[in-house]
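Visitor: prediction below, plus the sequence it came from.
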Amino acid sequence: MPMIAEIKRETERRMRASLDALKTELRHMRTGRASVGILEGILVEYYGTMTPLNQVANLSTPDATLILAVPWEPSLCPVIEKAIRTSDLGLNPSSDGKVVRIPVPQPTEERRKEIVKKAHAFAEHAKVEIRHHRHEGNDAIKKEAKASAISADDEKRALDDIQKLTDKNVGEVDSVLKTKEAEVLAR
């Protein structure tokens, strides 16, 4: 029995990691509202090392349409500006030498649909990962049963439990996606 519990625990941990990865990806997606989360993937060159933007500047959102990046060293302004401009976020920052202003325009209807489509792709990828973890967990349970380490009843119960975990996590993926979709499509 302890090995069944360990297999279920590990399967659940992996499924949760896939769900967390989806949440992180969706947080980076633009919704038309200024959020420092959309800049999380941006790296800037800082003394020869690629460094996350939030480690070289203070980021804030004074209102729903603007993000401010105040670099710790003013010489970083052009570097930050270039990093944001060359990212695939479609943002157009401007700098006065001390502060980088990043206006976040409302996305067009077409752009909103693209964002939703991309969110659906991320969600589908998360579901595939979750099902893969289910498959691995089921294989481990079946291996234990084949080695006569657990009974057929314990095997059936464990397989049912793993399926319930899968259903729960896939449901959470759908819920997270639905929330993000509503957020993106809201005007």
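Guide: Yep, that arrived.

Visitor: what separation is there between the nearest residue to residue 39 once chain neighbours are set aside and residue 122?
Guide: Using CB to CB, 6 or more residues apart in numbering and skipping residues adjacent in sequence, the residue nearest residue 39 is residue 53, 5.4 Å away. In this view, the C-beta of every residue, glycine as well, is placed from N, C-alpha and C. Relative to residue 122, residue 53 is positioned 22 Å away (CB to CB, to the nearest Å).

Visitor: the more surrounded of those two?
Guide: residue 53 (24 against 21; other CB atoms under 10 Å).

Visitor: next one: the lengthiest helix in the chain to chain centre, how far?
Guide: Secondary structure of the chain read by DSSP state H shows that its longest helix is helix 109-146. In terms of CA atoms, centre = their mean, to the nearest Å, the gap separating the centre of helix 109-146 from the centre of its chain is 13 Å.

Visitor: and what of stretch 169-187?
Guide: 13 Å.

Visitor: and it, what's buried?
Guide: 169, 170, 172, 173, 176, 177, 180, 181, 183, 184 (16 or more other CB atoms under 10 Å).

Visitor: so which helix or strand takes in residue 91?
Guide: Assigned by DSSP states H and E, residue 91 belongs to neither a helix nor a strand.

Visitor: that one: what's it in contact with?
Guide: With contact taken as CB atoms under 8 Å, 6 or more residues apart in numbering, residue 91 is in contact with 84, 85, 102, 103, 104.

Visitor: among those, which ones are buried?
Guide: 84, 102, 104.

Visitor: select from those every entry located in strands.
Guide: Among the buried ones among the contacts of residue 91, DSSP state E puts residue 102 in strands.

Visitor: can I get the buried ones among the contacts of residue 91 in a markdown table with pLDDT and distance to residue 11?
Guide: A markdown table is the format used below for those (pLDDT from 0 to 100; distance: CB to CB, whole Å):
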| residue | pLDDT | distance to residue 11 |
| --- | --- | --- |
| 84 | 88 | 39 |
| 102 | 89 | 41 |
| 104 | 82 | 39 |
